[in-house]
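Colleague: Sharing a sequence plus its predicted fold:
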Amino acid sequence: MILKNISLKNFTNYEDAYCDFDENINIFVGDNAQGKSNLLESIYYISTISSSRKNKDKELIKWSRDYFSISAHFFNKYGENKVTVKVIGNKKEVYLNNYKIEKRKEYIGYLITVIFSPEDLYIIKGEPALRRQYIDNELSKTDVEYFVDNIKYKKILEQRNILLKEFKRRSVSDALMDIWEEQLSKYGIKIIKKRLELIEQLKEISKEIHYRITDDAENLQIKYQTNIDIENIENSYRKLLKEHRQKDIDKGYTSVGPHRDDLEILINGISAKKFASQGQQRTISLSLKISEIEFIKKKTGEYPILLLDDVLSELDKKRKHKLLEEIENKVQTIITTTDLNDIENFFIDKGKIIIIQDGKVL
Ligand SMILES: Nc1ncnc2c1ncn2[C@@H]1O[C@H](COP(=O)(O)OP(=O)(O)O)[C@@H](O)[C@H]1O
Ligand SMILES: [Mg+2]
């Protein structure tokens, strides 16, 4: 996929901006707080119709204005497309090639981005929820069914949790609980199966990439962690829910299921969550992101667009070089930096330099 250009109106600190992109490398250069990350965020936003930082849409409207809009032209396997999003207060309108998009799922797969920002370090050391979010995001970018099932699962989970609390106050029929558990199990199983498929593929890809980036020094392993018996998945989740019912009533929430699962990450057999250094964490999360790019290519036949926010300054020269080798001539990439010295010359020569200053693209 290739992003041709983007136009912003009242988006964060931009009032009226336009930017053309090179189909290979683009480098946003500027001092701190000028709008580099915001411009990257606008590209992410137009690809998922939501913020990467879990910001509310409203917060992306330029202060003291009442709307923002983003418009972009891009190429994918279907040809040239134009997408426009306009957010006015709490309302959002999306148009793809001048047709109105009513639901986000209709737009899935048109424009796919993979973003890497400093916060992604937390994928390694942070709470399990962040790793689940990483998995969910990845699957939802290319798989409409997963995206929809995940929403349904969360709604049913909420219902069971409400019922658990009711149970504590007064007796509710077991049959009612059976029904919600049956539903939870149905969607939960679908979710776990797809996550296992994803991890199975990512495992192989990320191992290879990580070996290349670390010069064969680090063996990266990833494993999906669940207490559902995956050999007997059809019955296991339902059984487990029933077994945990009393405990869950006491606690007031559902203690088993894909919403509690995790991703285990090992380097040379040792838990990365516990022992990886800052540099290792960064490299692992980069390997995972690059694997994601390859996964998306395998699944859709197209490379997504890679957005790298402030990553290069933190990597040593050798790893930086390896990273750039992985993406060069393959993936349209947009990198932000405060200092061009952080980027290798051969990259600068090839890339388009875009200067960002005070909410303006110069
Ligand atoms: N809704 C908004 N309206 C106006 N300015 C905003 C809004 N949201 C963020 N900003 C401002 O945008 C500026 C640039 O942010 P950012 O893109 O993160 O800079 P950079 O990545 O270049 O360091 C920040 O100073 C921030 O206060
Ligand atoms: Mg920034």
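Modeller: Arrived safely, thanks for sending. Ligands and ions are numbered 1, 2, ... in the order given.
Colleague: CA atoms for contacts and neighbours, from now on please.
Modeller: OK.
Colleague: ok, now which ones touch the residue of the stretch 101-250 of the chain found nearest ligand 1?
Modeller: In the stretch 101-250 of the chain, the residue that lies nearest ligand 1 is S117 (10.4 Å; CA to the nearest ligand atom). For S117, the contacting residues are L308, D309, D310, V311, by CA atoms under 8 Å, 6 or more residues apart in numbering.
Colleague: What about S171, how many residues nearby?
Modeller: Number of residues near S171 (other CA atoms under 10 Å) recorded here: 8.
Colleague: my bad, F147
Modeller: Every residue meeting other CA under 10 Å relative to F147 is counted, giving 20.
Colleague: List the residues that contact it.
Modeller: Going by CA under 8 Å, 6+ apart, F147 touches K105, D136, L139, S140.
Colleague: need these in a markdown table with distance to G279, secondary structure and pLDDT, can you?
Modeller: Formatted as a markdown table, those follow (distance: CA to CA, whole Å; DSSP: H, G, I helix; E, B strand; the rest coil; pLDDT from 0 to 100):
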| residue | distance to G279 | secondary structure | pLDDT |
| --- | --- | --- | --- |
| K105 | 37 | helix | 93 |
| D136 | 25 | helix | 95 |
| L139 | 27 | helix | 95 |
| S140 | 29 | helix | 95 |
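Colleague: On the three-state scheme, F75 is what?
Modeller: Following DSSP: H, G, I helix; E, B strand; the rest coil, the label given to F75 is strand.
Colleague: any idea how far ligand 1 is from the closest residue to it other than its chain neighbours?
Modeller: Nearest residue to F75, sequence neighbours excluded (CA to CA, 6 or more residues apart in numbering): I2, at 5.1 Å. Remark: distance between I2 and ligand 1 (CA to the nearest ligand atom, to the nearest Å) = 22 Å.
Colleague: Report the contact partners of I2.
Modeller: E23, F74, F75, N76, I305, Q332.
Colleague: and G351, what are its phi and psi?
Modeller: Main-chain torsions, G351, degrees, to the nearest 10: phi -90, psi 170.
Colleague: whoops, P304 was the one
Modeller: P304 adopts backbone torsions of phi -80, psi -180, taken as degrees, to the nearest 10.
Colleague: count of residues packed around it?
Modeller: 27.
Colleague: With E208 instead?
Modeller: By other CA under 10 Å, the residues close to E208 number 16.
Colleague: and what of the one 3 residues further on?
Modeller: For Y211, the tally of surrounding residues (other CA under 10 Å) stands at 15.
Colleague: now it, nearest residue through space, not along the chain?
Modeller: E218 (5.9 Å).
Colleague: a strand runs through that neighbour, doesn't it?
Modeller: No. Read with three-state DSSP, E218 is coil and lies in no strand.
Colleague: Can you list the residue ranges for helices in the stretch 151-300 of the chain?
Modeller: 174-213, 233-243, 245-251, 272-275, 278-300 (DSSP state H, counting those that start in this stretch).
Colleague: which helices and strands sit right next to the shortest one?
Modeller: Judged by 3 or more CA pairs under 8 Å, 6 or more residues apart in numbering; DSSP states H and E, helix 272-275 is in contact with helix 122-125, strand 262-267.
Colleague: got the residues of this protein near ligand 1?
Modeller: 12-13, 32-38, 59-63 (CA under 6 Å from any ligand atom).
Colleague: now, which of those sits nearest Y122?
Modeller: Closest to Y122 out of the residues of the chain next to ligand 1 is S37 (18.1 Å), distances taken as CA to CA.
Colleague: what does the helix or strand hosting that closest one rub up against?
Modeller: If you go by DSSP states H and E, S37 is part of helix 36-48. Under the contact criterion CA under 8 Å, 6+ apart, helix 36-48 has outside partners 6, 8, 11-13, 28-30, 50-52, 70-72, 83-85, 104, 108, 110-115, 141, 307, 309, 334, 336, 356.
Colleague: and it, how far from the chain's centre?
Modeller: The chain centroid and the centroid of helix 36-48 are separated by 13 Å, computed with CA atoms, centre = their mean, to the nearest Å.
Colleague: Start the count at 11 instead of 1 going forward.
Modeller: Renumbered: residue one is now 11, and that last one reads helix 46-58.
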